[in-house]
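**Q** What would the 3D arrangement of this be:
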Amino acid sequence: MLHNKKEEFPMKKKILLLMACLMAFMFVLVACGDDDTVDSGIGDNNDATEANDTGGDEVDDVDSLIPGFPLADSINVRILGRHIETDWADMPFWQVLAEETNINFVFDTPPNQDFTQALNIMLVSRDYPDVFFGSALTAGQQMDLGEAGTLLPLQDLIRDYAPNIQRLLDENPHIVNSITAPDGNIYALPTFNQSFDAIWPLGPVYYNGLWMEALDAEVPGTLDEFTDLMIRFRDEMPEILGVDRVFPISASDSMTWLRAWMLSFWGMTARGTQATDGVVVHNVTTDAYRAYLEWMAMAYDEGILHPEIFSLTGDMQGALGRDNLIGFFQAWHSHHLLGTDEVQALNNPMVRPIISEWSPEGVLPRSPGFSTGQFAITNQAEDPAAILRLFDFFYSEEGAIFADHGPEGYFWSYDTHAETGEQIRVRNVDPDTSRGIFTPFYGFPAPNLIPSRMPRLFTDRYEEADETFVEFLRAETEATVGTYGRVAFPPSMLTFDESTELMAINADLLLEIDRVEAEFVTGVRPITDETWAEFQAALVNIGIEDFVRIQQAAHDRWLANSQ
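**A** A predicted model of the protein is given here:
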């Protein structure tokens, strides 16, 4: 149920006044800094308008949530976004922002499952919005629309009107490399994710802690130790559990979620392109990938892998987990798959790096921690500067919290802890009510900063904040991906022609790689020098060498931007 607590707005106004004053003070510090601070924008350093100019007339309203707003004259902003939980026009988030900024928001929000199709239709029809919000525009789309003048270059606007975004770019030059197009322009902004789990490439892989305890086993650190543990799972756990059979390794969705973690045992952090010391290779052409396939074929033949590992659905995998029949598995949180609770989950360790002949130091896959193409402004916008100034707010700590929780008085409100006297944020709705009803920053990567820690929402004034499970995940992440994680291939911008060619090749490559992997692992096609050569020849015929050539060129540009 939507809690529209208008009677709480006097308190809200006081809080907003305090936030506005603090943010205004911070902004003055930025504007009054030395030249290197103010003019360190990405791209050419053209004559800049004063940093506190929104590009239009302003009114002096210290009660505003965002410095520089509301605008003196109302503007219309049409936004393309995703329908997750409710119509955006009904969200308190946009309603409050409209009041605070004097912006009239108009929305195109196709359902999330239809969004890609709707985006493509919009691009073909050229019926462009003012803002692409969380649209995950590809590098090719950015270049195509940017070169056509549809997407506005953002680097100068960022320097002049977006101090929060500028700061994040200055602090993360590798991200600048990844979002700068070959023509030198930035056409779209990413999600900056600083949460501890942002570096997970996919949900982690865990060992079943109950099984480990039953066998008095240690987390393996070498490939031989891992193999021995999986054999022990196969041989000893059925009797311990009183079942006919267990599945030491099981996965759903054709191993999509598990594969990257398994590949790391052989030094690969993706089943695709990987850059090492500036050299790009496609991992399926390497001896390491062949060794991985040979081990997987052995594991399949020995009953270590689930016999239907390439066809299991998520529901089937979940049923196996709840029956405690899986020993090594992928899940965002282990207790969700095993049907237990957070307390039991503390006993399920994440996979550690596995040392092998192909990975003598041990690595794990890692995400770059940001998602590209999530915000862009088109030439339809009547006041691009005001739009960017508004969205710059969501790249601040205060704006990130506002984006995540929504405005006060709806999903949450302030209260005073009855015992400590602290001011705390308390949920206004029951735990089953989704945030997606109140804020659009939910369910997909969006244009904002995700800070390392978000204020906790209490369910009542007396709740003790139990962070045990979160701290367990944080510690396990730091000990694993945080220490040994490697990004296989940093996101790199492509020209439109490169993107088009790459997508065409990759579609056929994936079909061939998926088919042959399943045949090799299940023994339908034995792995011999002859069959391996046939596989490699098929990849060449499809165009894998051109695929690598394009990726190498993109990576060379990425490296050049780093210099």
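**Q** mind listing the strands for the stretch 301-450 of the chain?
**A** For the stretch 301-450 of the chain, the strands defined by DSSP state E, counting those that start in this stretch cover 326-330, 364-365, 370-377, 412-416, 423-427, 449-450.
**Q** what's the closest residue to residue 547 other than its chain neighbours in contact with, if anything?
**A** Residue nearest to residue 547 in three dimensions, not counting chain neighbours: residue 505, with 4.8 Å by CB to CB, 6 or more residues apart in numbering. C-beta here means a position set from N, CA and C on the backbone, and glycine is covered the same way. Neighbouring residues of residue 505 by CB atoms under 8 Å, 6 or more residues apart in numbering: 542, 543, 544, 546, 547.
**Q** in what helix or strand does the residue nearest to the fourth one when sequence neighbours are not counted lie?
**A** So the one you mean is residue 546. Spatial nearest neighbour of residue 546, chain neighbours left out: residue 505 (6.2 Å); criterion: CB to CB, 6+ apart. Using DSSP states H and E, residue 505 sits within helix 496-522.
**Q** And for residue 460, nearest residue in space, chain neighbours not counted?
**A** Excluding the flanking residues, the one nearest residue 460 by CB to CB, 6+ apart is residue 426, at 6.7 Å.
**Q** For residue 520, see how far away that neighbour is.
**A** Going from residue 426 to residue 520 by CB to CB, to the nearest Å gives 56 Å.
**Q** higher neighbour count, those two?
**A** residue 520 (22 against 16; other CB atoms under 10 Å).
**Q** Surely that one touches residue 527?
**A** Yes - shown here, residue 520 and residue 527 form a contact pair, counting by CB atoms under 8 Å, at 5.2 Å.
**Q** Contact partners for residue 491?
**A** Residue 491 is in contact with 178, 179, 368, 370, 372, counting by CB under 8 Å, 6+ apart.
**Q** circling back: now the residue nearest to residue 460, which residues is it bridged with?
**A** Per DSSP bridges, the residues bridged to residue 426 are residue 413, residue 458.
**Q** quick revisit: pLDDT of the helix holding residue 505, averaged?
**A** In this model, helix 496-522 has a mean pLDDT of 94.
**Q** Check which element follows it along the chain.
**A** Past helix 496-522, the next helix or strand by DSSP H and E is helix 529-542.
**Q** same for that following helix, what does it pack against?
**A** Where contact means 3 or more CB pairs under 8 Å, 6 or more residues apart in numbering; DSSP states H and E, helix 529-542 is packed against helix 496-522.
**Q** about what we covered before: now the two most distant members of the contacts of residue 491.
**A** Taking CB to CB, the two most distant members of those are 179 and 368; they sit 11.2 Å apart.
**Q** who's more crowded, these two?
**A** For the pair residue 179 and residue 368, the greater number of neighbours falls to residue 179 (25 against 20), based on other CB under 10 Å.
**Q** Is that one in contact with residue 185, as I believe?
**A** No - here residue 179 lies out of contact with residue 185, judged by CB under 8 Å, at a distance of 9.8 Å.
**Q** Quick one: work out the angle between the helix holding residue 505 and helix 529-542.
**A** Angle, helix 496-522 to helix 529-542, by axes from the mean of the first three to the mean of the last three CA atoms, to 10 degrees: 160 degrees.
**Q** By mean pLDDT, flag the weakest helix or strand of the chain.
**A** Here the helix or strand of the chain ranked lowest by mean pLDDT, DSSP states H and E is helix 35-38, holding a mean of 31.
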